[in-house]
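**Q** Give me the fold of what follows.
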Amino acid sequence: MTKYLYSYHGGNQPASAAEGEKTMKAWMDWIGSLGAKMVDPGNPTGGSKLIGSNGAVSDAAGASAVTGYSIIEAAGIDEAVKMAKNCPQLTAKGTVEVSEIMPVM
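**A** As a prediction, this is how the structure comes out:
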C-alpha cells in the first residue's frame, strides 16, 4: 500500500455550534468509514508563513493555503481519489488535493 497526503484547501467554517457538531460528526463518520486505511486523520491548520527560495518571508499562501491534512493508504492514486470524494471538506465548499507520499528510505 502507498501512502497519500490529503491537503485541504479553503472551505466554510460552521456558522453555529450546532452546525459545528454536525460537521465534526461528518468528519468522524468519514474517518471511521476508511478504517485502517486512515493512517493519520490529521488536523486543521492555522495561519502560515511562506518562505521563498531567496529567504523572503511573506504571510500565508493566499488562495492555495492549506487548511488541514490527512494521510491515508491506498492501492493507487485512483483509489485515494475515490476515497476522498466523500470527504466533508467538499461539502464545506473546500477542495482536497491528493498527493502520493514518496518514500525516501
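**Q** what ranges do the helices span in the chain?
**A** Under the criterion DSSP state H, helices of the chain are mapped to 17-34, 77-84, 88-91.
**Q** Out of the ones you listed, the one nearest residue 104 is which?
**A** helix 77-84 (18.8 Å; Cβ to Cβ). All C-beta spots, glycine's among them, are computed from the backbone N, C-alpha and C.
**Q** neighbouring contacts of the closest one?
**A** 2, 4, 6, 34, 37, 72, 74, 96, 98, 100 (Cβ atoms under 8 Å, 6 or more residues apart in numbering).
**Q** measure the first one to residue 100 for me?
**A** Translated: residue 2. 6 Å (Cβ to Cβ, to the nearest Å).
**Q** picking up where we left off before, what would the helices of the chain look like in CSV with mean neighbour count and distance to residue 43?
**A** Formatted as CSV, the helices of the chain follow (neighbours: other Cβ atoms under 10 Å; distance: least, Cβ to Cβ, whole Å):
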stretch, mean neighbour count, distance to residue 43
helix 17-34, 13, 11
helix 77-84, 16, 17
helix 88-91, 17, 13
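**Q** Using JSON lines, lay out these together with mean pLDDT.
**A** JSON lines is the format used below for those (pLDDT from 0 to 100):
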{"stretch": "helix 17-34", "mean pLDDT": "96"}
{"stretch": "helix 77-84", "mean pLDDT": "98"}
{"stretch": "helix 88-91", "mean pLDDT": "96"}
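**Q** closest one to residue 64 among these?
**A** Among the helices of the chain, helix 88-91 sits nearest to residue 64 (Cβ to Cβ), with 14.5 Å.
**Q** Please compute how far the closest one lies from its chain's middle.
**A** 10 Å (Cα atoms, centre = their mean, to the nearest Å).
**Q** and what of stretch 67-76?
**A** The answer for stretch 67-76 is 7 Å, by Cα atoms, centre = their mean.
**Q** what's that stretch in contact with?
**A** Everything outside stretch 67-76 that qualifies as a contact, by Cβ under 8 Å, 6+ apart, is 1-11, 31, 34, 36-45, 80, 83, 89, 94, 101.
**Q** Which ChimeraX command selects the buried ones in these?
**A** Of the contacts of stretch 67-76, the buried ones go into a single ChimeraX selection, burial set by 16 or more other Cβ atoms under 10 Å:
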select :3,4,5,6,7,8,9,11,31,34,37,38,39,41,42,80,83,89,94
